[in-house]
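# from the sequence below, what's the structure:
(2 chains)
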There are 2 protein chains.
Amino acid sequence: MRIPLDPQSRTPLYRQIEDWFRENIHTGGLPPDVKIPSTRDLADELGVSRITVKNAYANLESDGLIYTREGSGTFVASLFPEDKTPSTAVPANWPFWQLEATEEIQEPVEVTPAAPIRDDLISFIGVGDPRAFPLKDFTHTIRDVLESDGTTALEYGGLHAGYYPLRKTISQILASQGIQSRPEEVLITAGSQQGLSLVCQTLLKPGDVVIVEKPTYNFALELFRALRLKIIGIPVDRQGMQVEQLEPVLQQYHPRMIYSIPVFQNPGGMCLSAPRRRLLLELASCYNVPILEDDFVSDLRFEGRALPAIKSLDKNGQVIYIGTFSKMLMPGLRIGYLLARGPIFERLVRQKWVQDLATSNLMQRVLDRYVTVGRYQAHLRRSTRLYRKRRDAMVAALRRYLPPSVSFDVPHGGLFLWLRLPEDMSCLDLLPLAMQNGVEFSPGTRYFPDPEEGKPNLRLNFATHTPQEIEEGIRRLAVTLSKIRE
Amino acid sequence: MRIPLDPQSRTPLYRQIEDWFRENIHTGGLPPDVKIPSTRDLADELGVSRITVKNAYANLESDGLIYTREGSGTFVASLFPEDKTPSTAVPANWPFWQLEATEEIQEPVEVTPAAPIRDDLISFIGVGDPRAFPLKDFTHTIRDVLESDGTTALEYGGLHAGYYPLRKTISQILASQGIQSRPEEVLITAGSQQGLSLVCQTLLKPGDVVIVEKPTYNFALELFRALRLKIIGIPVDRQGMQVEQLEPVLQQYHPRMIYSIPVFQNPGGMCLSAPRRRLLLELASCYNVPILEDDFVSDLRFEGRALPAIKSLDKNGQVIYIGTFSKMLMPGLRIGYLLARGPIFERLVRQKWVQDLATSNLMQRVLDRYVTVGRYQAHLRRSTRLYRKRRDAMVAALRRYLPPSVSFDVPHGGLFLWLRLPEDMSCLDLLPLAMQNGVEFSPGTRYFPDPEEGKPNLRLNFATHTPQEIEEGIRRLAVTLSKIRE
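Okay, here's the model as predicted:
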């Protein structure tokens, strides 16, 4: 108890103690049934006589604010029925700097409908299927690491760019995918979102222009908005970003970064074609713009041939490549990485360092062990089979239930399927009704620099649910669609 | 293998494949003994005929770049004695934007002496003693959480401000320390460094002035430098920051933040007096400047009375309070928290969100369990006893071995002891010699906005070593000192 006492005050000390408790109990700072120190302990701690504390406690007890349980101590009483802790009184006037902060808030483009949530809601929002997480293997791996590495695994460790063996392992995985790198070019991050954030904060300042695919990953857009970047979208087609449209934009806006998700794009699901990859790299080099390549899920391929990563075509350090284990493995792991060469690498390491010193050493070691003993690869194969079946189930259900005015392309991998509604329909009108009918999706508005453009779109995750659940969810979506069109 | 093939090229396909392997093996992208795909698999994957791949492999094998082991597959050969992978060839010219990044680098103020490191080096750098980490309890807690929470513990979970039960637990711990808060005012961060970083990035922009104690926490200084803030130091004495000197600085520089470590200051070890706490808060309110209170180790008290946190005196949201479990528990845990009220809180949550989505859900749950079953409190009591003895050992050794020209104050808690050398002596001259003599310390230059000012200072961590090791380390330091004064 750090109770502020003022010995110079005219208020006696016991009263200061009493008032402090009174206020903290009333405002909820001391919740009901919290144990408070014995009179002896508190007196020692505050450097006052025991009788002072006794007087304070006696008054509090007689007002019903605290109670003593014989043999176990003194506790805060429950003031309210149902143990409902009141909120702290809000000051009438926040400090002026706080109000300034309010004015600067950029509202996130989120659309949460106020519909009642059904118990049997089928949500097509999310990433992988938690039921497919390799919990047992993972638990064993943690135990193995703690047994073999001991407290070393709990020290900072792997400062700066990360735990070296994991960096080496990642470099080898990348090599098997045709991306040559040295472990010294790998920086471990807290998920790929931190990779994005580090790159932006190192390369860009407020007002700078960033080029994105249109649509693109919603949390990248949120990050860019929070950093007050100017976002220019290049439309996609079935071959990914329409790179042919890029050059005039480069000339007009002098962007400082191009952000691309070339494989199983989020949310579109398509892949950037090989000629466009080459052209993109050529234009970026010519106009001196770094490319941020977000390869969040390229390992999750159901069919077709893998194209080389843009990074693997990059000879002179034009591309910063970002990857993650979160999507495939366990989102809660929060381990991603980035790959960069040249002077920028050290700056990214420093940015990571000043921001949070290091990523969890234990989790880095666990992941490295998990991958090097081959468990990750086995899990990847299982997940690919599982999610392919679910992709197929969703495609079949969409073809069966949805009207032909709703179109989509079949993604060859990844987690997401992108629906195009009739132009005059809005996903924002659809969503509340869909939720009432027991199905949820991610509205297309989240994925566009200008949310308006995404109204006739929605994103479905096909990886989280069983084929039966998927069919039922799509059936519900179709019912909602037919109602809204009446 | 994502091998970039160009069907339009005049180079035959087998040659493109061959050249790709050749380059990747020579540059180390494919390290020795990595297994490469069978000819059949690679042909399928690339969509070329098997004979094309066979031709490529045959040429590679005849050049000794790959080898086949009967029955197990084809592997990259070891090109170099001792398996030494060569570094990737560095392009002659980095992209221009990379060179721009170089020019902008602010060199960290680090002084690493090039002295040979002895096997028996006693390093007084660090935080707690890894040998005191509660490894067994911690391992049990992880197992318990994974058993009871299952895969839920590995999903994102606790998005935005963090895992709610942990926020509630932290709010209760703070209540027991006299800081009233609601769980809704607690934001979980990846260690306290991320808390610092989030606050700065939310409140400040490059060029803004921040006020710090002089000396202060070195990684806060590094963060402020990386963010291009202007840093103004207020000198400390035995009562902490000389707040009496603050007002003219507030008037002259219009700072946007005051950063203070009021308890067992890092590196000084002293506590800010109660009158100064009140004055600091008053001045900050009057001049509309937020206070960032870094309470990194106040629980580790050896003697004396705890003063109320500045946050506990704050009625209207002037103070943002930062705490951590890392210092006391396990640095590798990477869990800290911040406490803020008012409009700024939502902005901090959003900043956290766009930067890395969430802190490890599993680690949050483990920490919450560890604290709520009382293990943390027991560990804290053990650590306090242990580190007090070590503080005493260091004080005794310093008094025994060091000349009276070297002075220090005895800290009443925390982890650090701050030495003042004679004014004409520099810790930077001392450090290389000390390391040759088998003792390491943290040079005072790291803790000042202007490193020059810290030359006659050094910081010793007394928590990491046993009393015997401490005595030997201080003896070595004294020997070095006497040599340098000859």
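
# need the per-residue pLDDT for residue A:79.
We note a pLDDT of 65 for residue A:79 in this prediction.

# revised request: answer the last question for residue A:116.
On pLDDT, residue A:116 comes in at 56.

# same check on residue A:91?
56.

# same check, this time on residue A:106
In this model, residue A:106 carries a pLDDT of 51.

# any idea which residue sits dead centre in chain A?
In chain A, the centroid-proximal residue (Cα atoms, centre = their mean) is residue A:193; its distance is 6.5 Å.

# nearest residue to that residue other than its sequence neighbours?
Nearest residue to residue A:193, sequence neighbours excluded (Cβ to Cβ, 6 or more residues apart in numbering or on different chains): residue B:357, at 4.7 Å. To be clear about C-beta, it is placed using only N, CA and C from the backbone, and glycine gets the same treatment.

# what about that neighbour, how many residues close to it?
Neighbours of residue B:357 under the rule other Cβ atoms under 10 Å in any protein chain shown: 20.

# circling back: am I right that the residue nearest to the centre of chain A sits in a helix?
Yes. Under DSSP: H, G, I helix; E, B strand; the rest coil, residue A:193 falls within a helix.

# wait, it sits on residue A:219?
Yes. The criterion here is Cβ atoms under 8 Å, and residue A:193 meets it with residue A:219 at 6.1 Å.

# what touches both of the two?
Residues touching both residue A:193 and residue A:219 (Cβ atoms under 8 Å, 6 or more residues apart in numbering or on different chains): B:354, B:357.

# ok so, going back, how much space between the residue nearest to the centre of chain A and residue B:353?
As judged by Cβ to Cβ, to the nearest Å, residue A:193 and residue B:353 stand 9 Å apart.

# how about residue A:56?
43 Å.

# now name the helix or strand holding the residue in the stretch 151-300 of chain A positioned nearest to chain B.
Here the residue of the stretch 151-300 of chain A nearest chain B is residue A:180; by Cβ to the nearest Cβ that distance is 2.5 Å. Per DSSP states H and E: residue A:180 is located in neither a helix nor a strand.

# if we can go back for a sec, who's more crowded, residue A:56 and residue B:353?
When residue A:56 and residue B:353 are compared for neighbours, residue A:56 comes out ahead with 26 against 19, by other Cβ under 10 Å.

# isn't that one right up against residue A:22?
No. Contact criterion Cβ under 8 Å: residue A:56 and residue A:22 do not qualify, at 9.4 Å.

# and residue A:354, what is it in contact with?
Here residue A:354 is in contact with B:193, B:197, B:219, B:222-223, B:226-227 (Cβ under 8 Å, 6+ apart).

# any stretches of chain A with poor pLDDT?
Applying pLDDT under 70 to chain A flags residues A:79-92, A:101-117, A:157-159, A:326-329.

# the longest strand seen in it close to chain B?
Of all the segments assigned as strand in chain A under DSSP state E, the longest by residue count is strand A:230-237. No. Counting by Cβ under 8 Å from any Cβ of the partner chain, no contacts exist between strand A:230-237 and chain B, the nearest distance being 13.6 Å.

# for that strand, which residues meet the burial criterion?
A:231-234, A:236 (16 or more other Cβ atoms under 10 Å in any protein chain shown).

# quick revisit: just checking, which of the contacts of residue A:354 belong to helices?
B:193, B:197, B:219, B:222-223, B:226 (DSSP state H).

# by neighbour count, which of the residues you listed wins?
When neighbours are counted by other Cβ under 10 Å, residue B:197 leads those with 27 neighbours.

# residues near residue A:177, how many?
19.

# OK, contacts around it?
By Cβ under 8 Å, 6+ apart, residue A:177 lies in contact with A:298-299, A:306, A:309, A:312, B:1-2.

# switch to 7 Å and redo it
Counting by Cβ atoms under 7 Å, 6 or more residues apart in numbering or on different chains, residue A:177 touches A:309, B:2.

# give me the phi and psi for it.
Backbone torsions of residue A:177, given as degrees, to the nearest 10, read phi -100, psi 10.

# can you check residue A:291 too?
The phi/psi pair for residue A:291 (degrees, to the nearest 10) is phi -100, psi 130.

# mind checking the SS state of residue A:332?
At residue A:332 the chain is in helix, as set by three-state DSSP.

# what's the neighbour count on the residue nearest to it when sequence neighbours are not counted?
Nearest residue to residue A:332 in three dimensions, chain neighbours excluded: residue B:361, at 3.7 Å (Cβ to Cβ, 6+ apart). Other residues lying near residue B:361 total 26 when counted by other Cβ under 10 Å.

# so residue B:361 makes contact with residue B:163?
Yes. Here residue B:361 reaches residue B:163: they are 6.4 Å apart, a contact under Cβ atoms under 7 Å.

# which parts of the stretch 351-486 of chain A sit against chain B?
By the criterion of Cβ under 7 Å from any Cβ of the partner chain, the positions of the stretch 351-486 of chain A lying close to chain B are A:351, A:354-358, A:360-363.

# list only buried entries from these.
Of those, these count as buried by 16+ other Cβ under 10 Å: A:351, A:354-358, A:360-363.

# I'd say residue A:94 and residue B:343 touch.
Yes. Using Cβ under 7 Å, residue A:94 is in contact with residue B:343, at 6.3 Å.

# packing partners of the single longest helix found in chain A?
Determined from DSSP H, the single longest helix within chain A is helix A:375-401. The helices and strands touching helix A:375-401, judged by 3 or more Cβ pairs under 7 Å, 6 or more residues apart in numbering or on different chains; DSSP states H and E, are helix A:467-484.

# OK, contacts around residue A:234?
Residue A:234 neighbours (Cβ under 7 Å, 6+ apart): A:211, A:213-214, A:241-242, A:245-246, A:249.
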